[in-house]
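Undergrad: pasting the structure only:
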């Protein structure tokens, strides 16, 4: 049962704390919820660490496609590690309070790594386009230095765009009750809590979403339109199928990433009267499912990863 402190008169001088509900309506089922959540986190962390180690240690995978895959593994590790501490504290230890600064730091890292994730997926779509459109110049176009610059650009974009959001929130008064609908801090949830005008925060958040997820999804679609156009120009049916087969893993990763995100957005826009439980579950799926499934997708669908994984495990064990 939750107990809220009565707002103080001089609220602006008091650093607020937030109360994380976990899953609305299931607050008393924390230990049972901890089992699937912790299992998914362990799977996500182990899966992405293994993919990262395999790409780094197996020389045959030192190619652009797999460098981008290692970037994807790093960003998904970042998302998982950013949310795991508070999920663990809420479900296992029923420790639901989080301070303002800690909440804003967590929010910054969750959204920053999510934006990086989206950027890497676009970079991987560009990689597939170059590999199919200009296979002979593939390695000369996507050199190690250019890949590093793309990775640095993705990281800098995320940090620069996300930095104003916690700063803007930090300057707003919170009069309570400061109840969060998730076991972690998300910007859409936080901007509903201040007892002041949050128009600037909302517009800034919308700009970040459109200039990252919106732009990246558009570029991914355009990349695949160009890929489809290039593939249709290949005379040999066998070569067409081979070219398309190299895109299967990435297409699955894009669907796994963007489908829950679209579902969350649709639920917020059109499902305002839906159960809070539905909103919470969809938000958790959006953050948890891609880090769990993507290592499996690439391990199952990519022959080179499967071979390298067997080689890595055989050498190590």
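TA: Perfect, I can see it now. Quick caveat: nothing in here was measured; it's all calculated off a predicted structure.
Undergrad: Quick one: mean pLDDT over the longest helix belonging to the chain.
TA: Longest helix in the chain by number of residues (criterion: DSSP state H): helix 100-133. The predicted model assigns helix 100-133 a mean pLDDT of 95.
Undergrad: was I right about residue 165 contacting residue 108?
TA: Yes. Look at residue 165 against residue 108 with C-beta atoms under 8 Å: they come within range, at 7.3 Å. Quick note: C-beta positions are derived from backbone N, CA and C, even for glycine.
Undergrad: Residues contacting stretch 52-59, please?
TA: 61-62, 66-67, 69-70, 73-74, 77, 305, 308-309, 311-312 (C-beta atoms under 8 Å, 6 or more residues apart in numbering).
Undergrad: need the helices for the stretch 201-317 of the chain, in chain order.
TA: 215-232, 237-245, 248-270, 276-301, 303-316 (DSSP state H, counting those that start in this stretch).
Undergrad: Which of these sits closest to residue 184?
TA: Closest approach to residue 184 among these (C-beta to C-beta): helix 276-301, 8.0 Å.
Undergrad: Show me which positions of the closest one end up buried.
TA: Going by neighbour count (16 or more other C-beta atoms under 10 Å), the buried part of helix 276-301 is 279-280, 282-295, 297-299, 301.
Undergrad: Could you check how far that helix is from the centre of its chain?
TA: Offset of helix 276-301 from its chain centre (C-alpha atoms, centre = their mean, to the nearest Å): 9 Å.
Undergrad: And stretch 199-213, by the same measure?
TA: On C-alpha atoms, centre = their mean, the centre of stretch 199-213 falls 17 Å from the chain's centre.
Undergrad: Enumerate the positions of the helix or strand hosting residue 46 that are buried.
TA: Using DSSP states H and E, residue 46 sits in helix 30-57. Applying a neighbour-count criterion of 16+ other C-beta under 10 Å, one finds 30, 33-34, 37, 40-41, 43-45, 47-48, 50-52, 54-55 buried in helix 30-57.
Undergrad: what do you get for stretch 60-67?
TA: Within stretch 60-67, the residues that qualify as buried are 61, 63, 64, 65, 66, 67, counting by 16+ other C-beta under 10 Å.
Undergrad: among these, which two are most distant?
TA: 61 and 64, at 10.5 Å, using C-beta to C-beta across the buried residues of stretch 60-67.
Undergrad: Contacts only, for the nearest residue to residue 249 once chain neighbours are set aside.
TA: Residue nearest to residue 249 in three dimensions, not counting chain neighbours: residue 301, with 4.2 Å by C-beta to C-beta, 6 or more residues apart in numbering. Shown in contact with residue 301 (C-beta under 8 Å, 6+ apart): 248, 249, 252.
Undergrad: Which one (most neighbours) among those residues?
TA: residue 249 (21 neighbours; other C-beta atoms under 10 Å).
Undergrad: my read: that residue touches residue 297, true?
TA: Yes. Contact criterion C-beta under 8 Å: residue 249 and residue 297 qualify, at 5.6 Å.
Undergrad: Over to the residue nearest to residue 101 when sequence neighbours are not counted. Which of the three states is it?
TA: Residue nearest to residue 101 in three dimensions, not counting chain neighbours: residue 15, with 7.5 Å by C-beta to C-beta, 6+ apart. Per DSSP: H, G, I helix; E, B strand; the rest coil, the local secondary structure of residue 15 is coil.
Undergrad: before we move on, what about the one 4 residues further on?
TA: Put simply, residue 19 is strand when judged by three-state DSSP.
Undergrad: What of the one 5 residues further on?
TA: Of the three states, residue 24 takes coil under three-state DSSP.
Undergrad: Can you give me the distance of it to residue 181?
TA: From residue 24 across to residue 181, the span is 6 Å (C-beta to C-beta, to the nearest Å).
Undergrad: Kindly report the same for residue 236.
TA: Per C-beta to C-beta, residue 236 is found 53 Å from residue 181.
Undergrad: Please name the nearest non-neighbouring residue to the spatially most central residue of the chain.
TA: Central residue check for the chain by C-alpha atoms, centre = their mean: the C-alpha nearest the mean position is that of residue 114, 3.3 Å away. Of all residues not flanking residue 114 in the chain, residue 79 sits nearest, at 6.0 Å (C-beta to C-beta, 6+ apart).
Undergrad: Okay, and the one you found sits in which element?
TA: If you go by DSSP H and E, residue 79 is part of helix 64-93.
Undergrad: If you average the pLDDT over that helix, what comes out?
TA: Averaging pLDDT along helix 64-93 yields 92.
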